[in-house]
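Undergrad: sequence-free structure coming up:
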């Protein structure tokens, strides 16, 4: 199943979020229960790999696995897609987005 739990759009001038109430509550519960790592922890890892601006962040459930999917554009204009396991915080995949 490929069901987005949260979709966030992050802009250079600030942060705007598009979050359904049910999804927001589910993510809050997962964080409180310690079932997923906070996005801030993942963001530190992303920033250590790539300088740049966040374009999009999603927390998705794929095959009963929670995954942070992140898009970032680096100073050269290259868009990177990174996927992190939301439970362990481990990097799963990193690729240039065409």
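TA: Cool, got the structure. Note that the structure is predicted; figures quoted are calculated from it, not measured. Residues are numbered from 1 along each chain as shown.

Undergrad: and residue 75, that one's in a strand?
TA: No. Membership of residue 75 in a strand is not supported by DSSP: H, G, I helix; E, B strand; the rest coil, which gives coil.

Undergrad: Touching, it and residue 52? I think so.
TA: Yes. Applying Cβ atoms under 8 Å, one finds residue 75 in contact with residue 52, separated by 6.1 Å. Just so you know, the C-beta spots here come from the backbone N, C-alpha and C atoms, and that holds for glycine as well.

Undergrad: where does this structure dip in pLDDT?
TA: Within the chain, the stretches with pLDDT under 70 are 1-22.

Undergrad: Tell me where it has helices.
TA: For the chain, the helices defined by DSSP state H cover 21-32, 39-49.

Undergrad: And the longest one, what does it pack against?
TA: With contacts defined as 3 or more Cβ pairs under 8 Å, 6 or more residues apart in numbering; DSSP states H and E, helix 21-32 has these neighbours: strand 2-11.

Undergrad: re earlier: with mean neighbour count and distance to residue 81 as new columns, can the helices of the chain be given to me in JSON lines?
TA: As requested, the helices of the chain are exported to JSON lines (neighbours: other Cβ atoms under 10 Å; distance: least, Cβ to Cβ, whole Å):
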{"stretch": "helix 21-32", "mean neighbour count": "12", "distance to residue 81": "21"}
{"stretch": "helix 39-49", "mean neighbour count": "14", "distance to residue 81": "11"}
